[in-house]
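**Student:** here's a sequence, model it:
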Amino acid sequence: MGWNQAGRILLVYPDGGHILSRRLDLELLQRRSTALGAQLSIVTDDPEIKNQARQVGIPVYSSIQKAQKSHWKVDRRPRHHDLLSPPPDEPSPDLEEMRKAAHPETSKYLTYPGTRLAFFLLGVLALLSIAAVLVPSAEIQLLPENKTQELTINVQAKPGIDSVNFSGLIPARRITVIVEGRGSTRTSGILRVPLEYAQGRVQFTNLTDGGIRIPADTVIRTVNEPTVRFATSGDAQLPPGVGETVNVSVVALEPGENGNLEPDRLAAIESDLGASMTATNPYQTWGGKDSILAMATAFNREQLYQKMEADLRQTAIEEMNRTVPTGDIIFTQTITISQVLAQDYDPEDDLPSEQISLNLRIEYEALSASLHDLERLAEYALDASLPEMYISLPATLQIASITPPESDDQGSMQWKIRAHRQMQSNILASQAINQSLGLSPKLAALTLKNTLPVQGEPIILVTPAWWPRLPVLPFRFEVTTQ
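**Tutor:** Below you'll find the predicted structure:
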């Protein structure tokens with residue numbers, strides 16, 4: 001009421017309550033309200049309180065809503081208070097009788113020695129009872145029970161998420177590494193390099209009646225592909241007359257075995273003389289030679305690249321394992337080439353060589369899962385299934401994969417892990433004390449062993465040692481756990 005800042009105070013009585021039900025209580029409440037300058041009203045269904053309130057002059061309502069909507073009417077008429085002053089017609093009290101009633105004479109039986117001895121013994125017994133309660137103390141030593149908590153968890157490492165999810169999702173992080181290597185292999189290709197010129201003899205046949213001079217370096221070639229060209233070694237004179245012939249030495253214009261032709265392959269004359277005569281090689285041309293050298297083929301290059309890329313991929317996996325924190329998982333099946341930084345062959349294309357080398361530099365990337373994320377997921381799952389009255393022991397969590405990671409259609413990795421850790425019973429001192437109050441040490445030890453998760457037999461030390469029972473007051477106990 002003292003905190004009230006309003007002009008009206010409404011007291012709501014609880015159902016079935018019998019507090020402040022006397023008339024004197026209501027009188028005091030009324031006086032306090034008047035002193036605060038406020039009006040007082042009551043909400044109650046108790047007929048006794050209603051009657052007392054009406055006598056005192058306090059308005060009474062059946063509900064809070066009615067009290068709030070009503071204008072309180074206060075009976076301002078003076079009242080005589082029966083509890084404070086007697087009614088006018090009551091006779092004055094006899095003061096002598098009141099003194100005797102306040103100081104009665106001592107009973108004679110209290111002066112007897114036996115009575116006094118009995119009261120003395122009762123006092124001693126009371127003191128002994130108090131000592132029996134306050135003097136003994138006890139120490140209870142308990143060894144909490146240790147157990148292994150184990151759980152199998154389905155894990156999904158997914159790219160694009162940032163935190164661990166209770167459903168088993170953890171972030172799949174991308175890691176990159178650059179590796180470089182050089183390798184070589186023998187070439188299996190053949191490169192023909194023309195070395196010597198072919199030579200032979202060509203027979204020219206006159207188609208006219210007159211003689212024809214055939215100058216040196218007159219070119220005769222094959223008609224079909226590939227085109228092979230020969231030239232006469234010197235001047236020659238074709239006798240006059242149709243059908244007259246002359247044989248002239250010729251040399252191939254390009255070296256190589258392509259100049260070794262079968263008979264009658266040379267047939268075309270590359271000059272105006274072709275209209276006056278014909279030409280052919282009646283015999284095979286000879287002497288053209290090629291130098292056969294080794295060279296790299298496209299297959300050699302591809303084979304070398306594939307071998308080196310496989311070696312570099314393995315090197316990249318080893319390098320990733322060295323760079324990531326201990327315990328992190330690298331999903332080797334997700335390793336891919338991010339970019340080829342260098343791919344240099346030696347020698348270059350179409351150059352002869354018995355061996356080809358490749359300098360290869362590649363950037364690889366792969367998905368990985370953090371051990372820290374796996375531990376957080378395992379702790380979430382284990383905490384959710386932690387038995388009642390147990391707590392986990394720090395630094396005992398261990399994680400092991402029980403299935404190999406597999407990729408799904410969304411690029412996530414899924415697998416199963418087994419997480420296990422040590423847990424210890426969390427015994428509250430109040431539990432042990434409540435189970436032991438007033439029991440004998442042997443019975444208390446048996447009760448604690450059967451009702452609390454402990455290892456071995458509880459140790460109970462009572463002070464003084466000869467005291468047969470444990471204290472009955474909780475504060476006289478001390479509970480220790482190892």
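**Student:** from now on I want contacts and neighbour counts done on CA atoms only, so please keep to that.
**Tutor:** Fine.
**Student:** now do the helices in this structure.
**Tutor:** Assigned by DSSP state H, the helices in the chain fall at 23-35, 47-56, 64-69, 95-102, 113-134, 298-323, 371-384, 429-436, 441-451.
**Student:** what are the contacting residues of the lengthiest strand in the chain?
**Tutor:** The residue-count maximum for a strand in the chain (DSSP state E) belongs to strand 329-346. Identification of contacts with strand 329-346 by C-alpha atoms under 8 Å, 6 or more residues apart in numbering yields 317, 320-321, 356-371, 405.
**Student:** report the buried members of these.
**Tutor:** By neighbour count, with 16 or more other C-alpha atoms under 10 Å, the contacts of strand 329-346 hold 317, 320, 356-370, 405 as buried.
**Student:** of those, which belong to strands?
**Tutor:** Short answer: those in strands (DSSP E) are 356-369.
**Student:** same list, those, but as a markdown table with pLDDT please.
**Tutor:** Shown next, in a markdown table, are these (pLDDT from 0 to 100):
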| residue | pLDDT |
| --- | --- |
| Ile356 | 93 |
| Ser357 | 95 |
| Leu358 | 94 |
| Asn359 | 96 |
| Leu360 | 96 |
| Arg361 | 96 |
| Ile362 | 96 |
| Glu363 | 97 |
| Tyr364 | 96 |
| Glu365 | 96 |
| Ala366 | 95 |
| Leu367 | 95 |
| Ser368 | 95 |
| Ala369 | 95 |
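**Student:** now those as CSV including distance to Gly243?
**Tutor:** What follows is these, written out as CSV (distance: C-alpha to C-alpha, whole Å):
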residue, distance to Gly243
Ile356, 59
Ser357, 62
Leu358, 64
Asn359, 67
Leu360, 69
Arg361, 72
Ile362, 74
Glu363, 77
Tyr364, 78
Glu365, 81
Ala366, 84
Leu367, 87
Ser368, 90
Ala369, 94
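**Student:** so where's the stretch 51-200 of the chain uncertain?
**Tutor:** For the stretch 51-200 of the chain, the stretches with pLDDT under 70 are 73-111, 131.
**Student:** let's go with 50 and repeat that
**Tutor:** Within the stretch 51-200 of the chain, the segments meeting pLDDT under 50 span 76-88, 90.
**Student:** just the strands in it please.
**Tutor:** 60-61, 137-142, 146-158, 169-171, 173-186, 189-196, 199-206 (DSSP state E, counting those that start in this stretch).
**Student:** among the ones you listed, which comes closest to Thr222?
**Tutor:** Closest approach to Thr222 among the strands of the stretch 51-200 of the chain (C-alpha to C-alpha): strand 199-206, 12.1 Å.
**Student:** check what contacts the closest one and list those residues.
**Tutor:** Under C-alpha under 8 Å, 6+ apart, the answer for strand 199-206 is 212, 238-252, 259-260, 266, 276-288.
**Student:** what subset of those is buried?
**Tutor:** Judged by 16+ other C-alpha under 10 Å, buried ones among those: 212, 238-239, 244-252, 259-260, 266, 277-282, 284-288.
**Student:** from those residues, which land in strands?
**Tutor:** 212, 238, 245-252, 266, 277-280.
**Student:** in these, find the pair that's most separated.
**Tutor:** Of all pairs in those, the most separated under C-alpha to C-alpha is Ile212 and Ala252 at 23.0 Å.
**Student:** still on that earlier bit, just name the closest of the ones in strands among the buried ones among the contacts of strand 199-206 to Ala138, please.
**Tutor:** The closest of those, once distances to Ala138 are taken by C-alpha to C-alpha, is Ala252, at 123.3 Å.
**Student:** I'd say that closest one and Thr227 touch.
**Tutor:** No: between Ala252 and Thr227 there is no contact under C-alpha atoms under 8 Å: 11.2 Å.
**Student:** leaving out chain neighbours, which residue sits closest to Leu360?
**Tutor:** Gln343 (4.8 Å; C-alpha to C-alpha, 6 or more residues apart in numbering).
**Student:** what about Ile220, how many residues close to it?
**Tutor:** Other residues lying near Ile220 total 27 when counted by other C-alpha atoms under 10 Å.
**Student:** for it, give me its contacts.
**Tutor:** 229-231, 266-270, 279 are the contacts of Ile220 under C-alpha under 8 Å, 6+ apart.
**Student:** who wins for most neighbours among those?
**Tutor:** Phe230 (26 neighbours).
**Student:** can you name the residues bridging to that residue?
**Tutor:** The bridge-partner assignment for Phe230, based on DSSP bridges, gives Ile220, Ala252.
**Student:** how much space between it and Ala267?
**Tutor:** Distance of Phe230 to Ala267, given as C-alpha to C-alpha, to the nearest Å: 11 Å.
**Student:** who touches both of those two?
**Tutor:** 220-221.
**Student:** related to what we said a few turns ago, possible to save the helices of the chain as JSON lines with distance to Trp467?
**Tutor:** Below are the helices of the chain laid out as JSON lines (distance: least, C-alpha to C-alpha, whole Å):
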{"stretch": "helix 23-35", "distance to Trp467": "51"}
{"stretch": "helix 47-56", "distance to Trp467": "55"}
{"stretch": "helix 64-69", "distance to Trp467": "61"}
{"stretch": "helix 95-102", "distance to Trp467": "47"}
{"stretch": "helix 113-134", "distance to Trp467": "9"}
{"stretch": "helix 298-323", "distance to Trp467": "67"}
{"stretch": "helix 371-384", "distance to Trp467": "44"}
{"stretch": "helix 429-436", "distance to Trp467": "15"}
{"stretch": "helix 441-451", "distance to Trp467": "10"}
